[in-house]
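Peer 1: Can you look at this prediction? I've put the sequence above it.
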Amino acid sequence: MDALDMYLILVQVLGLPSSARVQGGKLAAPYKASSIHFHWGKDGGPGSEHTIDGEQFAMEMHIVHIKEEYETLSQALADGSGVAVLGFFFQESPTSNKQYDPIISALEELKNAPSNSTLSGVTLGRLVPPEKNLTRYYRYQGSLTTPDCDQAVVWTLFETPILLSRKQLSVFSGLRSDIGTSLVNTYRPVQPLNGRQVYYSGGNLVLVSTALLISSVLASSGLSLHT
């Protein structure tokens, strides 16, 4: 399995509530949540798809949104700003993050048999930092990180990382494909900016005139976990 195949393999959370939305913060329109997926390294080692000041984090989570007017991701990708992805970094902690216990437990059950599992009673608010820690973020216009890497994504990357223990991080890299291959380093290497401007919500380049409202962090529903 080559590197291209590897970062196409994701842990995805589907079946997000229809009420999950993100808007404001200079976004062109309200966006509705479509799915969540993760990228990781090996045994808690570097695995994020973005870096900050050259630092690569242990893992990265993407909450993918599409403009409210579209029904599918394919439709949204035809619009240059049709997709909005919220990115969250993960960092190793000496203690476990109890908020992630349902996902970790489900992944352990799926470790040797890639399949689906239903997560009941898991809120999106459990998966991201508290709202007070979501005021600092980076924004740029870019692409999907999986082929065909469509140039239709407004990226928002939050500065405050989510903390997981080394054991929790290692559960992701303990997964195997349907042919028994270890699923490690499932991230796309950092790409050149190619002239793109990256904005910072708390920097000298003022990005936010209104708050970025993430109603998705308040929504709750049964979620489906897919590997």
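Peer 2: Happy to help now that I have it.
Peer 1: Mind exporting the C-alpha coordinates of stretch 16-23 to PDB?
Peer 2: Once non-C-alpha atoms are left out, stretch 16-23 reads as follows in PDB (Å, rounded to 0.1, in the frame of the first residue of the first chain):
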ATOM      1  CA  LEU A  16     -24.100  14.200  11.900                       C
ATOM      2  CA  PRO A  17     -27.200  16.100  13.000                       C
ATOM      3  CA  SER A  18     -28.900  18.300  10.500                       C
ATOM      4  CA  SER A  19     -28.700  21.200  12.900                       C
ATOM      5  CA  ALA A  20     -24.900  21.300  13.000                       C
ATOM      6  CA  ARG A  21     -23.800  24.600  11.400                       C
ATOM      7  CA  VAL A  22     -20.900  26.900  11.200                       C
ATOM      8  CA  GLN A  23     -21.200  30.600  10.200                       C
END
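Peer 1: next one: it to chain centre, how far?
Peer 2: Relative to its chain's centre, stretch 16-23 lies at 15 Å (C-alpha atoms, centre = their mean, to the nearest Å).
Peer 1: Any buried residues in it, and which?
Peer 2: For stretch 16-23, a neighbour-count test (16 or more other C-beta atoms under 10 Å) marks 16-17, 20-23 as buried. From N, CA and C alone the C-beta is placed, and that goes for glycine too.
Peer 1: ok, so of the residues you listed, who is nearest residue 152?
Peer 2: residue 22 (15.8 Å; C-beta to C-beta).
Peer 1: returning to that earlier point: can you list the buried residues of stretch 16-23 in JSON lines and add distance to residue 184?
Peer 2: What follows is those, written out as JSON lines (distance: C-beta to C-beta, whole Å):
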{"residue": "16", "distance to residue 184": "27"}
{"residue": "17", "distance to residue 184": "32"}
{"residue": "20", "distance to residue 184": "30"}
{"residue": "21", "distance to residue 184": "34"}
{"residue": "22", "distance to residue 184": "30"}
{"residue": "23", "distance to residue 184": "36"}
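Peer 1: got those residues as JSON lines, with pLDDT and distance to residue 54 columns?
Peer 2: JSON lines is the format used below for the buried residues of stretch 16-23 (pLDDT from 0 to 100; distance: C-beta to C-beta, whole Å):
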{"residue": "16", "pLDDT": "75", "distance to residue 54": "33"}
{"residue": "17", "pLDDT": "73", "distance to residue 54": "37"}
{"residue": "20", "pLDDT": "81", "distance to residue 54": "33"}
{"residue": "21", "pLDDT": "84", "distance to residue 54": "33"}
{"residue": "22", "pLDDT": "86", "distance to residue 54": "28"}
{"residue": "23", "pLDDT": "84", "distance to residue 54": "32"}
